[in-house]
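model the following, please.
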Amino acid sequence: LGRLYVQNGQNFDIRIDPADPYAVEASGNDVTTRWAAFLRDNAEALRADLNGTVAAYVGSHPSDVLSSILMVTAYDSSSSSAAEADSLLSLIDPQARPSSVTEGYAYVLQRLLAAADSVALPPVRYIDRRDSVMEFELSGHPLSLVAISERSDLRTDSVIPVLRRLHKRYKASQLHMLDFSVDADTSAWRSGITADSVSWTSGWAAGGIAAPALKRLAPASVPCFVMTDSTGREVFRTISAAEAERKVKALL
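Sure, this is the predicted structure:
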């Protein structure tokens, strides 16, 4: 619903609109007040071009900690170039990017950069619905798709219909597909695939998006869709189920 930049002992007056994340008002310290004002004043631009709007602020305010905050909370590095996000982050003065704010984000960026540099991605290890350890090969198929999502996340409501349409439209010899769950609770995953009558390959691994099995795929958030070609090299990634469906159709 909203975010604040706070220190212990500070008091805040906050007004949040559950229907509009940009219609926020907050006072309590200078950074939080300016942050809320930026979201309100640039709501239209943020909806039209999120990354471009954030990048413009970062470029013109390299000594402002708000630049770091906007990178961490708003900039979409998973559907854009991780290299661009990394370059933007490095533009910010060291004193304006405290590790308490940027450390986790920088770590995710490095995983994304490492994945982008890979010539061929290794198989993805997962637990199947029979509790067997399996491997999903990302090479040897015209197109492979790994859909990483969380059953407890409401956004899965948009993921499952897309996977069902793709599974129905393409043969396994055309589209090699893995529905990878990062649920913390395996019972949520199992009940979900049963309720949704999932007939495609579905798997789970412990560790959420930081699971060792996903290290080379480097998801920055869920949902995340990663596509590889016949050599196992990544050709596309997105956080949008609709965009993933359009790209699969274009590639096939």
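
who does Ser144 bridge with?
His176, Thr228 (DSSP bridges).

next, the contact list for it, please.
Contacts for Ser144 (C-beta atoms under 8 Å, 6 or more residues apart in numbering) come out as 136-138, 175-178, 227-228, 232. For every residue, glycine as well, the C-beta is placed using N, CA and C.

ok, now with 6 Å
138, 176, 228 (C-beta atoms under 6 Å, 6 or more residues apart in numbering).

any idea how far the last one lies from Asp86?
Counting by C-beta to C-beta, to the nearest Å, the gap between Thr228 and Asp86 amounts to 22 Å.

cool, and the first one?
Between Leu138 and Asp86 the computed distance is 24 Å (C-beta to C-beta).

what do you get for Tyr22?
According to C-beta to C-beta, Tyr22 and Asp86 sit 26 Å apart.

do the same with Gly104
As judged by C-beta to C-beta, Gly104 and Asp86 stand 14 Å apart.

the more surrounded of the two?
Asp86 (15 against 11; other C-beta atoms under 10 Å).

pretty sure the more buried one contacts Leu109?
Yes - Asp86 is within contact range of Leu109, at 5.1 Å (criterion: C-beta atoms under 6 Å).

just the buried ones from the contacts of Ser144?
Buried by 16 or more other C-beta atoms under 10 Å: 138, 176, 228, out of the contacts of Ser144.

bridged to the residue lying closest to Thr33 once chain neighbours are set aside, which residues?
Setting aside the residues directly before and after it, Thr33 is nearest to Ser27 in space (C-beta to C-beta, 6 or more residues apart in numbering), at 5.1 Å. Note on Ser27: beta-bridge partners Asp13, judged by DSSP bridges.

and Ser77, what does it touch?
Taking C-beta under 6 Å, 6+ apart as the criterion, Ser77 is in contact with 85, 220.

where do the helices of the stretch 51-200 of the chain begin and end?
65-73, 82-91, 99-117, 156-169, 186-195 (DSSP state H, counting those that start in this stretch).

residues touching the third one, excluding its own?
Put plainly, it is helix 99-117. For helix 99-117, the external contacting residues (C-beta under 6 Å, 6+ apart) are 68, 72, 82, 85-86, 216, 218, 220.

make it 7 Å
68-69, 71-72, 77, 82-83, 85-86, 89, 215-218, 220, 234 (C-beta atoms under 7 Å, 6 or more residues apart in numbering).
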